[in-house]
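Peer 1: Everything below, folded, please.
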Amino acid sequence: MATRRGILVAAPAILLGLNRWPVEDILGLPARAAEVPPKGGIPSCGEIFPDAATTGVPAGSMLADSKSVTSTSAGQAIQNLNISGTVRIRHSNVTLKNCLIQANDAYIVECDRGNPTGTVVHDCTISGLNNGGTTGFNPDGGGGGSIIRRCNISGCENGIGIGEDKMQILDNYIHDLFHSVEAHTDGIQGTGGFTSLLIRHNSIFGVDTSCIILTNNVAFSGYTIDNNLLIMVDGSAPIIIRPVGPNAIGAGSVTNNKLGRGVGSYNDFTRLRPLPTYTGNVDWRTCGAVTAGR
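Peer 2: Have a look, this model is predicted:
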């Protein structure tokens, strides 16, 4: 076995459901009673934001070894697995929960075909094993309404991709992303083709490009970026929303975020019209107000 960026890379599983291991053993962590509420979180300006103690596979979970998993029916629950491989969701209303998923793949968890709706991914730990060209969760083949919540995502070039309507990204911890001279790393990346996007109460530590980037390779509208902790460890700006072509960018809002400035600025809204509703955003350390032009 070997470790990469603090995550234990287990030997490939041979049988599904027979070998079960506490998540603490798999990740090389000290045991912690499952009934004890997780303590932790990152404080900023009077609020607490997600970290490793409040996201990912819950303490005390027993996980069964598994290779790559593909959904088999609508409404299926995929849960309590230590997955050395990918997850492919091809049916509506599938729930993926309490899973450790580690893979070097373009899309580690993906709605890849069948136009599924109502995907829910929560309390999972997702790692790209520090490889470029990887995305933790991508719903591009989905029909809308995906929710990803309380997940711990690391070791990917991009944490979460946006590719469908009515997507909700809530309470996640995205950190220690892959970084190289060639990479264009983003915590959350969207290139358009969506409406009614909600990004709320996530902790994202960005490198290279951004914590959140939205561009109009395809038209989009109706985005809400609210009450997140967005810190650039190295790179451009926590929030980038800008046109890269002629497609429309509709109204949206950027509110109540705690921002850690990049080498450029807190925001990059170059050539963006209309500007988003922009209120309540502050520096994550000083809690001083940040304006849309900075």
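Peer 1: Point out where the protein drops to low pLDDT.
Peer 2: 1-39, 294 (pLDDT under 70).
Peer 1: Send me stretch 67-77 as PDB with only the CA atoms.
Peer 2: Coordinates of the C-alpha atoms in stretch 67-77 are reproduced here as PDB (Å, rounded to 0.1, in the frame of the first residue of the first chain):
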ATOM      1  CA  LYS A  67     -14.200  -2.200  -7.900                       C
ATOM      2  CA  SER A  68     -15.900   0.300 -10.200                       C
ATOM      3  CA  VAL A  69     -19.700   0.600  -9.800                       C
ATOM      4  CA  THR A  70     -22.500   1.400 -12.300                       C
ATOM      5  CA  SER A  71     -26.100   2.000 -11.300                       C
ATOM      6  CA  THR A  72     -28.600  -0.700 -12.200                       C
ATOM      7  CA  SER A  73     -32.000   0.700 -11.500                       C
ATOM      8  CA  ALA A  74     -33.900   3.900 -10.700                       C
ATOM      9  CA  GLY A  75     -34.000   4.800  -7.100                       C
ATOM     10  CA  GLN A  76     -31.000   2.700  -6.200                       C
ATOM     11  CA  ALA A  77     -28.900   3.400  -3.100                       C
END
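Peer 1: what's the spacing between it and its chain's center?
Peer 2: 21 Å (CA atoms, centre = their mean, to the nearest Å).
Peer 1: what's in contact with it?
Peer 2: When contacts are defined by CB atoms under 8 Å, 6 or more residues apart in numbering, stretch 67-77 is touched by residues 12-13, 16, 78, 81, 83-95, 97, 103, 116. The way it works is simple: take the backbone N, C-alpha and C, and place the C-beta from them, glycine included.
Peer 1: can you tell me which of those residues are in strands?
Peer 2: For the contacts of stretch 67-77, membership in strands holds for I78, L81, I83, S84, V87, R88, I89, T95, K97, with DSSP state E as the criterion.
Peer 1: Closest to F269 out of these?
Peer 2: Out of the ones in strands among the contacts of stretch 67-77, the one with the shortest distance to F269 is I89. That distance is 33.5 Å, counting by CB to CB.
Peer 1: Burial check on that closest one, number of neighbours?
Peer 2: Using other CB atoms under 10 Å as the criterion, I89 is surrounded by 28 other residues.
Peer 1: So it sits against P116, correct?
Peer 2: Yes: shown here, I89 and P116 form a contact pair, counting by CB atoms under 8 Å, at 5.7 Å.
Peer 1: Common neighbours of the two, please.
Peer 2: Applying CB under 8 Å, 6+ apart, one finds that I89 and P116 are jointly contacted by S71, G142.
Peer 1: Now L170: closest residue in space that isn't a chain neighbour?
Peer 2: Take L170 and drop its neighbours on the chain: the residue closest to it by CB to CB, 6 or more residues apart in numbering is R149, 4.5 Å away.
Peer 1: How about H175?
Peer 2: By the measure of CB to CB, 6+ apart, the closest residue to H175 outside its immediate chain neighbours is F205, 4.4 Å from it.
Peer 1: Which among the contacts of stretch 67-77 count as buried?
Peer 2: By the neighbour-count criterion of 16 or more other CB atoms under 10 Å, the contacts of stretch 67-77 include these buried positions: 13, 78, 81, 83-95, 97, 103, 116.
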